[in-house]
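*Asks:* Fold the following and give me the result.
(one chain, ligands or ions: 1)
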Amino acid sequence: MAKENGKATAVAHSNIALVKYWGKRNEALVLPWQSSLSVTLAPLEVKTTVAFGAPEDNIRLNGKEAKGSERARVIALADVVRKSKPQLGPLCVHSEGNFPASAGLASSAAAFAALALALREAAGLEEEVEATSLLARLGSGSACRSIQGGVCVWHRGEREDGADSFARQHFAAEHWPNLRMVAVILSREEKAVNSRDGMRNTVQTSPYYPAWVKAAEADIGPALEAIGARDIEKLGTLAERNAWRMHATSFAATPPLSYMKPATLAILLALEEERRKGTALWFTLDAGPNPVLLTEEAHLPKALAFAERFSPLEAVVCHPGGDARLLSEGHLF
Ligand code: 2P0
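*Replies:* You can find the predicted model right below:
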């Protein structure tokens, strides 16, 4: 067991949504308007060590003391666990990612998934996938989809208390081992509007928002079918359309919100021509300028050559990853 005097270490992969989560119906409980679907991204991962019984709360992220809202979000999640066990006392958290936090690679999903798993273990709670996903969701919505590996669906749930809003694995990583996600890093600049603020503004002001909710919910079933059949063309086509629609809702907000840069659009618009040449290549795009290309191992050389044409800072090749897990050694402190 990873536990040792209330100390625990967990590792979780990042994930990329193919049916996006965009907008909350309850901000405090991080409850979405619609369900979303993602694939975990190996080898990208975050490792987090948690220990209760420290002299005071001490949070270090990627070697630096966390401040402001970063620190507040970690402490708020710890408080959820401490509420039922006040004797746990102050905690020490060290967290490190094996990829840059600002690369637009959903580092918060991996970070809060690892934190949720480590917090529950350090608090002596049972290892339980559903409860861990629920806890991770309170840290960051997309994190609930990083507790299990492979393909997970965050079912929006119906209850007002959020007890039925968590992610479940639908396919393990082994189902489609040659699926590839290539993150094309065009910019490492911090975005002007973070996802939390961007989605809030979209929910409140975009006239397209209700249409997005309906369309995104309807994408879940066909996406699962395409994944079940390992049909990259069907999945890629659906993922692209879902990403365009998510961004369209934001373009229509007041003030309008575009996470795309000119270089982003250049890549997206060049994909159709690349497909005409026979390359199995589609995109998805999160709340940032860096597209993630979807392909299969056999088309990876062509996918990388395509990405190179746009002079990216980096192209990070990922494959479906496994479950978040506890480590019995290698604690960060
Ligand atoms: C997703 N994104 O499904 C979508 C697509 C960005 C675009 O989840 O406010 O960091 O912490 O729940 O999870 C990013 O939002 O937001 C996100 P909070 P989160 O992956």
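*Asks:* C-alpha only now, for contacts and for neighbours.
*Replies:* OK.
*Asks:* need the residues of the protein near the ligand, please.
*Replies:* 16-17, 20-22, 30, 108, 140-142, 195-196, 286-287 (CA under 6 Å from any ligand atom).
*Asks:* These in helices, which ones?
*Replies:* If you go by DSSP state H, the residues of the chain next to the ligand have Ser108, Ser195, Arg196 in helices.
*Asks:* Double-check the second one against Tyr259; I have them as touching.
*Replies:* This points to Ser195. No - using CA atoms under 8 Å, Ser195 is not in contact with Tyr259; the gap is 9.7 Å.
*Asks:* Who has more neighbours out of those two?
*Replies:* Tyr259 (20 against 16; other CA atoms under 10 Å).
*Asks:* which SS state does the more buried one fall under?
*Replies:* Put simply, Tyr259 is coil when judged by DSSP: H, G, I helix; E, B strand; the rest coil.
*Asks:* ok, it touching Asn290?
*Replies:* No - if you go by CA under 8 Å, Tyr259 and Asn290 don't touch, sitting 9.0 Å apart.
*Asks:* Excluding chain neighbours, what is closest to Phe251?
*Replies:* Leu257 (5.0 Å; CA to CA, 6 or more residues apart in numbering).
*Asks:* still on that earlier bit, which of the ones in helices among the residues of the chain next to the ligand lies closest to the ligand?
*Replies:* Each of these was checked against the ligand using CA to the nearest ligand atom; the closest is Arg196, at 4.0 Å.
*Asks:* List the pairing partners of whichever helix or strand Ser95 is part of within its sheet, with orientation.
*Replies:* Using DSSP states H and E, Ser95 falls within strand 91-97. Sheet partners assigned to strand 91-97 using DSSP bridges are listed as strand 36-52 (antiparallel), strand 58-61 (parallel).
*Asks:* ok, back up a step: out of the residues of the chain next to the ligand, which is most surrounded?
*Replies:* That'd be Ser142 among the residues of the chain next to the ligand, by other CA under 10 Å, with 31 neighbours.
*Asks:* rewinding a little: just name the most buried of the strands paired with strand 91-97.
*Replies:* The highest average neighbour count among those, using mean count of other CA atoms under 10 Å, belongs to strand 36-52 at a mean of 27.
*Asks:* Report the mean per-residue pLDDT for it.
*Replies:* Mean per-residue pLDDT for strand 36-52: 97.
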